[in-house]
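Undergrad: got a sequence here, can you build the structure:
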Amino acid sequence: MDTMDTVRRSQFSELVRYSRPMLTAAGVFTIIIMVVGVLGNMLTIGALLRHSKLRTVAAAFIASLCISDLLFCFLVLPFSASQFFHGTWIHGQVLCTMVPTMRYGSVGVSLLSIASISINRYILIAWPHLYQSIYTKWKVVIYIGIIWFISYGSQVPILLGKWGTYGMDEKLGTCSIKRDAQGRSAKVALFVLGFALPCMVIVVCYARIFWVVRKSHRKLQQHNTGNKYKRSEMKITKMVLVIFICFIVCYLPITLVKIFDEDVKHAPLHVLGYLLIYLSSCVNPVVYVTMNRQYRLAYLDTLRCRYNSNLDSQQTQPPQSKNASVSYLKNMVIQTSPKV
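TA: Next up, the predicted model:
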């Protein structure tokens, strides 16, 4: 009888923490994200495949990011929506291991891809003479392979039960990383390392890009009007600001919540954090449609089943000096900056 009372109290506590209206709303929102994410990422991949002028080095990382987001939408979000609607996990232990593995792996690929594109942009602007040797076709393939290997390979110890284990976390009410028999868990390390390191890379790379561009602008300012200088600076600033804000908004909340509310005293914050992570899988195509003319035209041509039409020509060879990289920056950093 005492055992049954304990179970009832536990179930009542879960219901208080995760109310039915909140779970239903979260489930509906997850389905909307899933549909938009599938359509948007498939459209982006189709545009990259159909239009050769979009196939830059950055686009290779973007394609990897889109594939990861597409797998996330197909293999993770349906189960997430089901759990929201049912209020619990109903799909068994095997999927309770596979789904969080896919979730953490996909998030890892996304974050590392964004950081890799930031590094690519920095090398393009700061070290243009080294760009061709660093980003050959096969080296890019290797870089992308490393991203996927790190994202999923880092979870092997968890799958083997050596650094936490996957299963139903009673505190969270969801399948996640639990502590192993020795009380160890990789959750905090993965969240901190997975968020902090890519964030630092992005900040450092774009800070350096700003420095190089500003320095080059000052040298060439005598050949340009002040208004032209301000317009180019504002375009770069707006794009980088959108990229960084999207990155922070999508990943910082769940990172902070997981670290500072391990006992789930504020359930709505956990639900909101998960929804923002899910939102990151579909926001990328929206950023490109609204802020990138070439991708916008490519999307339209893809929907119309047309190839390479109405797309502006794009320089694919990097300049050989920092001063020459100013005009190239306008075409490459603004037009092919990493999405979030």
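
Undergrad: just read off the phi/psi values of Val140.
TA: Taking degrees, to the nearest 10, you get phi -60, psi -40 for the backbone angles of Val140.

Undergrad: so the closest residue to it other than its chain neighbours is in which element?
TA: Computed as CB to CB, 6 or more residues apart in numbering, the closest residue to Val140 that is not its neighbour in sequence is Ala60, at 5.1 Å. The way it works is simple: take the backbone N, C-alpha and C, and place the C-beta from them, glycine included. If you go by DSSP states H and E, Ala60 is part of helix 57-75.

Undergrad: quick one: which helix or strand includes Leu124?
TA: helix 92-126.

Undergrad: residues contacting the nearest residue to Ser106 once chain neighbours are set aside?
TA: In space, and not counting its chain neighbours, Ser106 is closest to Phe72: 4.0 Å by CB to CB, 6+ apart. Phe72 makes contacts with 37, 102-103, 106-107, 281, as judged by CB atoms under 8 Å, 6 or more residues apart in numbering.

Undergrad: how about the contacts made by the residue nearest in space to the middle of the chain?
TA: Nearest to the geometric centre of the chain sits Ser110, at 3.7 Å (CA atoms, centre = their mean). Residues in contact with Ser110, defined by CB under 8 Å, 6+ apart, are 65, 68-69, 280-281.

Undergrad: swap in 10 Å and give it another go.
TA: 64-66, 68-69, 72, 147, 151, 194, 198, 247, 250-251, 277, 280-281, 284, 339-340 (CB atoms under 10 Å, 6 or more residues apart in numbering).

Undergrad: just Trp89 next, same as before
TA: Applying CB under 10 Å, 6+ apart, we find Trp89 in contact with 79, 82-83, 95-96, 99, 167-169, 173-175.

Undergrad: ok, now with 6 Å
TA: 83, 96, 168, 175 (CB atoms under 6 Å, 6 or more residues apart in numbering).

Undergrad: what about the strands in the chain?
TA: 165-169, 174-178 (DSSP state E).

Undergrad: report the distance from the first one to the chain centre.
TA: Here strand 165-169 is found 24 Å from its chain centre; the criterion is CA atoms, centre = their mean, to the nearest Å.

Undergrad: sorry, back to before: which of the contacts of Trp89 has the most neighbours?
TA: Cys175 (24 neighbours; other CB atoms under 10 Å).

Undergrad: so what sits opposite it in the bridge?
TA: Beta-bridge pairing for Cys175 (DSSP bridges): Met168.

Undergrad: what's the spacing between Tyr122 and Val38?
TA: Computed as CB to CB, to the nearest Å, the Tyr122 to Val38 distance reads 32 Å.

Undergrad: for stretch 155-170, how far is the first residue from the last?
TA: 21 Å (CA to CA, to the nearest Å).

Undergrad: for it, list every residue counted as buried.
TA: 155, 158, 163-166, 169 (16 or more other CB atoms under 10 Å).

Undergrad: contacts for it?
TA: 89, 96-97, 100-101, 175-180, 184-186.

Undergrad: okay, now the unreliable bits of the stretch 1-150 of the chain?
TA: 1-17 (pLDDT under 70).

Undergrad: OK, contacts around Ile209?
TA: Residues near Ile209 by CB under 6 Å, 6+ apart: 122, 125.

Undergrad: how about the helices in the stretch 101-250 of the chain?
TA: 128-134, 137-153, 156-159, 187-220, 226-260 (DSSP state H, counting those that start in this stretch).

Undergrad: for Tyr131, find the nearest of the strands of the chain.
TA: With CB to CB as the criterion, Tyr131 lies closest to strand 174-178 of those, at 39.0 Å.
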